[in-house]
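A.B. asks: after the sequence you'll find the predicted model.
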Amino acid sequence: MTSGGGPMKECGYSEINTRGTSPMESPHKKKIAVKRKWEVFPGRNKFYCNGRIMMARQTGVFYLTLILILVTSGLFFAFDCPYLAVKITPAIPVIGGILVFFVMGTLLRTSFSDPGVLPRATPDEAADLERQIDVANGSTSGGYRPPPRTKEVVINGQTVKLKYCFTCKIFRPPRASHCSLCDNCVERFDHHCPWVGNCVGKRNYRFFYMFILSLSFLTVFIFAFVITHVILRSQQSGFLNALKDSPASVLEAVVCFFSVWSIVGLSGFHTYLISSNQTTNEDIKGSWSSKRGKENYNPYSYGNIFTNCCAALCGPLNPRDKSRRHLCCWNIINEGCQGVIMQPIKN
């Protein structure tokens, strides 16, 4: 059997002989289910297209983003572009169409991508980590010893603390953080963005930046030409008649006016972060702030704005985790009022 990107061992349902079952052994413990890994994913995410699309569970604001972009752009093409194409140049609707296409493409790529979710430790891996900690601490007792909360590594001469995640049972790599909304550790975590309905991390940050930057251009473009349209019509037939001839222009102007400040400001903020090779999470926490001492500096910065931008926008990306589409056998160990509890079967 093949699933996703590689061969998998065949799994199936086992028939239970209830007559021969011991009264001390519950037959529920022998039930086996075959599911794809994304169907039993432990994080709080939604999956579509057989696990190819990954989003956060809270997607209401994402749909609001889609509606605002599509409705405002649609009104612009319907009410403003026909007049502007005749009076100024037919290039206006062409440029507007290219901008809308690019904005929608980068938005969907950001929203539907795996942001860089780190896999959780298996029970065996978590137990092995605890044994390593016991040996390092000189303990040979069989009792449970909780792992330390941090350990230190040196990156470019700067000591960086790696925090232990008690949910994922792993020491998070440098710059990774656990998103409380999606309940996942994300590599190079930037922030959780409800407007795109996803976390922003290593695998989708460049698309997020291209989205907000292109949206800034689109918002300024529509706002400028809507005002131009109203002014040209006002010169011909008066201001009130111009509004009657193109009533949607007022709505477009209001939406763009109140949106442009936050969108352009956000684009400028992330341009600053990229130029210094920081994340939003690091900037908010002041991880590399000079207030923490002269010896505190950003070990990830290359010391050059151009190199930092290339690293953030053109650097290599980790391949998508195709194993979430693989089939896996699970033991059903409990079926109660609180749901079905399953445990993976070792291959």
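C.D. replies: Arrived safely.
A.B. asks: what's the helix or strand for Pro82?
C.D. replies: Assigned by DSSP states H and E, Pro82 falls within helix 81-87.
A.B. asks: residues of that helix that come out buried?
C.D. replies: Neighbour counts over helix 81-87 (16 or more other C-beta atoms under 10 Å) mark Cys81, Tyr83, Leu84 as buried. All C-beta atoms are positioned from the backbone trio N, CA, C, and that covers glycine.
A.B. asks: now do stretch 243-253
C.D. replies: For stretch 243-253, by 16+ other C-beta under 10 Å, it's Ser246, Ala248, Ser249, Glu252, Ala253.
A.B. asks: how near is the second one to Leu64?
C.D. replies: Read it as Ala248. According to C-beta to C-beta, to the nearest Å, Ala248 stands 19 Å off from Leu64.
A.B. asks: try the last one
C.D. replies: Look at Ala253 and Leu64: by C-beta to C-beta, they are 20 Å apart.
A.B. asks: repeat for the third one
C.D. replies: Per C-beta to C-beta, Ser249 is found 22 Å from Leu64.
A.B. asks: got the contact list for the spatially closest residue to Phe62 that is not a sequence neighbour?
C.D. replies: Excluding its sequence neighbours, the residue lying closest to Phe62 (C-beta to C-beta, 6 or more residues apart in numbering) is Gly197, at 3.1 Å. By C-beta atoms under 8 Å, 6 or more residues apart in numbering, Gly197 lies in contact with Met55, Ala56, Gln58, Thr59, Val61, Phe62, Ser111.
A.B. asks: filter the residues you listed down to the ones in helices?
C.D. replies: Using DSSP state H, the subset of the contacts of Gly197 located in helices is Val61, Phe62, Ser111.
A.B. asks: my guess is Cys234 contacts Ala242. True?
C.D. replies: To be clear, residue 234 is Ser; Cys isn't right here. Yes - counting by C-beta atoms under 8 Å, Ala242 is a contact partner of Ser234 at 4.5 Å.
A.B. asks: and the pLDDT for Thr2?
C.D. replies: Per-residue pLDDT puts Thr2 at 41.
A.B. asks: which other residues reach the helix holding Pro82?
C.D. replies: Taking C-beta under 8 Å, 6+ apart as the rule, helix 81-87 contacts Ile92, Pro93, Gly96, Phe225, Thr228, His229, Leu232, Arg233, Ser246.
A.B. asks: now swap in stretch 169-181 and tell me
C.D. replies: Contacts of stretch 169-181 (C-beta under 8 Å, 6+ apart): 44, 56, 58, 118, 120-121, 125-126, 129, 151, 153, 155, 160, 162-165, 167-168, 184-189, 192, 199, 279, 281-282, 300.
A.B. asks: now these: which count as buried?
C.D. replies: Judged by 16+ other C-beta under 10 Å, buried ones among the contacts of stretch 169-181: 56, 118, 120-121, 129, 160, 162-165, 168, 184-189, 192, 199, 279, 281-282, 300.
A.B. asks: now, which of these lie within helices?
C.D. replies: Leu129, Asn281, Glu282.
A.B. asks: mind putting those in TSV, distance to Glu39 and pLDDT included?
C.D. replies: TSV is the format used below for these (distance: C-beta to C-beta, whole Å; pLDDT from 0 to 100):
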residue	distance to Glu39	pLDDT
Leu129	27	78
Asn281	30	94
Glu282	34	92
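A.B. asks: how about the strands in the stretch 1-150 of the chain?
C.D. replies: If DSSP state E, counting those that start in this stretch is used as the criterion, the strands of the stretch 1-150 of the chain fall at 2-3, 6-7, 31-36, 45-48, 53-56, 150-155.
A.B. asks: for the last one, name the packing helices and strands.
C.D. replies: Right, the one you point to is strand 150-155. With contacts defined as 3 or more C-beta pairs under 8 Å, 6 or more residues apart in numbering; DSSP states H and E, strand 150-155 has these neighbours: strand 158-165.
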